[in-house]
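> I would like the atomic coordinates for the input below:
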Amino acid sequence: MKVLVTEPVAREGLEMLKAHADVEVRTGLSPHELEEAVRTADGLLVRSETRVTRGVIEAGAHLRVIGRAGVGVDNIDVPAATSRGIVVVNARSGNTVSAAELTVALLLASARHVPAADASVRRGEWTRGAFMGVELRGKVAGIVGLGQIGSAVARRLRALEMTVLGCDPFVPDERARMLGVELTELKALLERADFVTLHTTLTPETKHLIGRDELALMKSGARLINTARGDLVDEVALASALDSGSLAGAALDVFQKEPPGESPLTRHPKVVVTPHLGASTTEAQERVAVDVAREMLLVLDGHPATSAVNAPFVDPDAIQVVGPYLAVAEACGRLATQLAPGRFRTVELSFDGEIGNHEVEPLKAAAVAGLLAPISEERVNLVSVNHVIAERGWNVVVRTGAAVLPYTNLVSVRLRTSAGDVAILGTLAHGRAHVVELNGFRVDVAPEQGHDHLLILENEDRPGRVGAIGTALGEMEVNIASMDVGRRGPGEAIMVLTLSRALSAVELQRIGSTPGIARVVQARLSV
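Residues are numbered from 1 along each chain as shown. I've put the predicted structure just below:
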């Protein structure tokens with residue numbers, strides 16, 4: 001076996017690969033040189049700089065696995081790899097400890113003015129009174145996002161004798177209790193916390209999660225720490241809050257633009273800044289190199305990988321029956337999360353019909369992958385699904401049953417949360433995934449390429465509602481690609497519209513204010 005390595009990785013990872021494969025290290029390759037070099041490789045190992053395009057993947061006639069020594073795979077054309085049957089693996093948890101420890105370091109540095117005091121002494125000054133800080137013991141820390149890194153931060157801040165609040169609508173109460181975290185809503189967290197630290201993923205919904213309004217909610221003298229994604233924070237609003245004195249400080253490892261250039265935040269006396277160092281420790285680099293090398297070797301030896309980021313592995317004996325329904329399970333899970341208010345309590349997965357007579361673990365993995373897709377960058381496959389479920393503290397129940405007329409096979413995802421229940425049912429029709437029931441409303445929704453923006457409206461079942469919504473969308477210059485309506489009981493109806501684009505918050509508010517509209521939800525289905 002031959003493995004091509006195109007960027008520097010830790011020695012321990014290379015040695016593991018060299019014990020089982022012929023390893024060629026060639027850094028600094030141009031796109032053309034990379035296409036030439038990958039032609040004879042069975043495996044390709046990269047970090048963040050190498051762009052693994054469709055052209056590179058097609059040039060790698062013998063490629064079986066692509067490894068990313070890190071978490072993100074933005075530099076890899078995963079769909080192109082999947083279409084060629086190439087497994088893409090990463091090191092999903094290798095930098096957890098390093099990122100958590102950097103968060104604590106930045107929190108302490110901000111609380112005690114460490115960088116400014118260091119610079120002052122180096123200038124020959126000795127102005128102790130200018131750097132009066134605050135203790136952490138007894139203070140309230142607010143953690144936004146309780147995934148792997150957020151949870152690791154919580155454990156460390158508890159050890160510093162802080163009260164820890166957490167905001168994560170997808171974390172069960174039991175998981176929070178195990179961490180010693182009090183779950184709360186974002187507004188209450190911002191109002192109570194002395195230190196707010198961000199550990200959520202970046203999605204269209206979380207961009208500028210901390211903006212002018214959110215900063216205004218924070219306590220006078222509070223501090224903000226961001227080691228997650230730069231776009232989570234409105235940097236202009238943050239600079240304004242620091243200038244006004246409403247915030248005591250901020251500590252940032254990430255920025256909206258990297259490098260940030262002449263950002264006012266990098267020169268602000270109340271801000272501690274570092275150049276995206278979350279994974280920059282010897283141990284983290286060693287872990288990610290070893291983890292991804294191990295995963296690559298598993299694939300090259302013919303075994304499923306635990307950290308594959310593309311399609312879950314399906315047993316060949318079941319693929320003819322179960323395989324087509326993976327997209328159905330993923331779509332139902334994805335939609336359930338987007339329609340579910342409150343914190344997850346129980347996930348019930350049902351696979352009825354002929355699919356229930358086969359191995360359903362691949363369907364379970366696909367449904368869980370869908371549940372996670374709108375809220376996390378974490379990828380799920382057949383091997384990792386139970387580990388992911390346990391790590392998040394989810395209670396997942398799987399059932400199988402007989403066919404449910406009029407469907408030959410039916411996939412059901414029922415999500416019970418602290419605010420209520422959501423039920424999504426789907427099936428396969430004409431080779432495509434169709435959602436056929438939403439919370440008891442009979443519908444028929446099938447995402448199409450370029451048209452997977454959904455607008456879901458629960459409304460009074462009386463004349464004129466469809467026309468009013470159509471008129472409003474027309475005035476917004478939004479095209480309706482398709483519309484489906486359904487009923488659940490007397491006076492209860494639903495509209496599901498597939499739109500040409502997503503609506504803004506203002507546009508959603510306008511739609512929601514239409515007489516007779518009880519609830520408006522915007523969602524998106526992958527194709």
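> and the helices in the stretch 1-150 of the chain?
Taking DSSP state H, counting those that start in this stretch as the criterion, the stretch 1-150 of the chain carries its helices at 11-18, 31-37, 54-59, 78-83, 96-111, 114-122, 148-159.
> would you turn these into TSV with mean pLDDT, distance to residue 400 and mean neighbour count?
(Each C-beta comes from the backbone N, C-alpha and C, glycine too.) TSV is the format used below for those (pLDDT from 0 to 100; distance: least, CB to CB, whole Å; neighbours: other CB atoms under 10 Å):
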stretch	mean pLDDT	distance to residue 400	mean neighbour count
helix 11-18	96	40	18
helix 31-37	97	46	15
helix 54-59	96	37	18
helix 78-83	79	27	17
helix 96-111	97	35	22
helix 114-122	97	58	14
helix 148-159	96	31	21
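> so which of those is nearest residue 310?
Comparing the helices of the stretch 1-150 of the chain by their distance to residue 310 (CB to CB), the top pick is helix 78-83, with 4.3 Å.
> report all helices and strands that that closest one contacts.
helix 54-59, strand 87-90 (3 or more CB pairs under 8 Å, 6 or more residues apart in numbering; DSSP states H and E).
> now those in TSV, with distance to residue 47?
Below are these laid out as TSV (distance: least, CB to CB, whole Å):
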stretch	distance to residue 47
helix 54-59	15
strand 87-90	11
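> buried residues in the helix or strand bottoming out on mean pLDDT in the chain, which are they?
In the chain, the helix or strand scored least confidently by mean pLDDT, DSSP states H and E is helix 319-322, which has a mean of 77. Neighbour-count burial for helix 319-322, counted by 16 or more other CB atoms under 10 Å, picks out 321-322.
> what do you get for stretch 437-450?
Of the residues in stretch 437-450, 437-439, 441, 443, 445-447 count as buried by neighbour count, 16+ other CB under 10 Å.
> mind checking which of the helices of the stretch 1-150 of the chain is nearest residue 470?
helix 78-83 (33.9 Å).
> which other residues reach the closest one?
With contacts defined as CB atoms under 8 Å, 6 or more residues apart in numbering, helix 78-83 is touched by 52-54, 57-58, 63, 66, 87-88, 309-311.
> try 10 Å this time
The contact list for helix 78-83 (CB atoms under 10 Å, 6 or more residues apart in numbering) reads 44, 52-58, 60, 63, 65-66, 68, 73, 77, 86-88, 308-311, 379.
> how far does that helix sit from its chain's centre?
Taking CA atoms, centre = their mean, to the nearest Å, the mean C-alpha location of helix 78-83 is offset from the chain mean by 20 Å.
> ends of stretch 143-151, what's the gap?
Start-to-end span of stretch 143-151 (CA to CA, to the nearest Å) is 9 Å.
> would you mind giving the domain segments of this structure?
1-93+280-310, 96-273, 311-439, 440-527 (automatic domain parsing).
> circling back to that earlier point, beyond the least confident helix or strand of the chain, next helix or strand please.
Next in sequence after helix 319-322, counting helices and strands by DSSP states H and E, comes helix 326-339.
> show me what the helix or strand following that following helix pairs with in its sheet, parallel or antiparallel.
The first helix or strand that comes after helix 326-339 along the chain, using DSSP H and E, is strand 344-353. Each strand paired with strand 344-353, and its direction, by DSSP bridges: strand 395-401 (parallel), strand 409-417 (antiparallel).
> so which of the ones you listed is the most packed in?
strand 409-417 (a mean of 23; mean count of other CB atoms under 10 Å).
> what's the first helix or strand after that one?
The element immediately downstream of strand 409-417 (helix or strand, assigned by DSSP H and E) is strand 420-429.
> starting from that next one, tell me which strands it pairs with and how they run.
Using DSSP bridges, the strands paired with strand 420-429 are strand 409-417 (antiparallel), strand 432-438 (antiparallel).
> most remote residue from this protein's center?
Most distant residue from the mean C-alpha position of the chain: residue 124, 46.7 Å away (CA atoms, centre = their mean).
> find me the pLDDT at that residue, would you?
pLDDT, residue 124: 97.
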